[in-house]
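Participant: coords please:
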Amino acid sequence: MSVENFMRHATAVDQDVAMNIRSLVARHLGVDARRVSDDARFVNDLGADWLDRLELMIVVEEHFDVEFADDDLDRLVAVGDLIRFIEDHRQLKAKTTEAS
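Facilitator: This is a model prediction of the structure:
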């Protein structure tokens, strides 16, 4: 696979993950999907309280087979933070799998 094809494939996968996360956020918080941008903050922009955020993280853990540490909830302030967390986790998992 050429570098160009790899980058195109990686970008498409990342966009699919990002769209999937945005959709989960919109559905779980009951907001219009158009409001769920990378910059949208869970509390200030999307109206989530602490319990909403905790429940969302549980849904994301189950959907993406990831595990959040206790302090991750406080660090994931915006939708983009959550997307980057999932993408980083997926990349780390892929590297671990390749090394095995």
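Participant: show me what the helix or strand where residue 51 lies is packed up against.
Facilitator: Residue 51 belongs to helix 50-64 when assigned by DSSP states H and E. Contacting helix 50-64 under the criterion 3 or more CB pairs under 8 Å, 6 or more residues apart in numbering; DSSP states H and E are the following elements: helix 3-29, helix 72-75, helix 79-99. Heads up, the C-betas are built off the backbone N, CA and C, glycines and all.
Participant: low-confidence ranges in the protein?
Facilitator: Along the chain, the parts satisfying pLDDT under 70 run over 1-13, 100.
Participant: name all residues that make contact with the residue positioned nearest the centre of the chain.
Facilitator: The central residue of the chain, meaning the one whose C-alpha is nearest the mean C-alpha position (CA atoms, centre = their mean), is residue 83 at 3.0 Å. Residues near residue 83 by CB atoms under 8 Å, 6 or more residues apart in numbering: 17, 18, 21, 22, 38.
Participant: mind doing that once more with 6 Å?
Facilitator: Residues counted as contacts of residue 83 (CB atoms under 6 Å, 6 or more residues apart in numbering) are 18, 21.
Participant: any idea how far it is from residue 95?
Facilitator: As judged by CB to CB, to the nearest Å, residue 83 and residue 95 stand 19 Å apart.
Participant: phi, psi for the closest residue to residue 78 other than its chain neighbours please.
Facilitator: Take residue 78 and drop its neighbours on the chain: the residue closest to it by CB to CB, 6 or more residues apart in numbering is residue 41, 4.8 Å away. Its backbone dihedrals place residue 41 at phi -90, psi 140, with angles given as degrees, to the nearest 10.
Participant: I'd like to know how many residues surround residue 41.
Facilitator: Burial of residue 41 is recorded as 13 neighbouring residues (other CB atoms under 10 Å).
Participant: also residue 74?
Facilitator: Using other CB under 10 Å, residue 74 has 9 neighbouring residues.
Participant: can you check residue 54 too?
Facilitator: 13.
Participant: please apply the same query to the one 10 residues further on.
Facilitator: If you count neighbours by other CB under 10 Å, residue 64 ends up with 18.
Participant: for it, give me its contacts.
Facilitator: Applying CB under 6 Å, 6+ apart, one finds that residue 64 lies in contact with residue 86.
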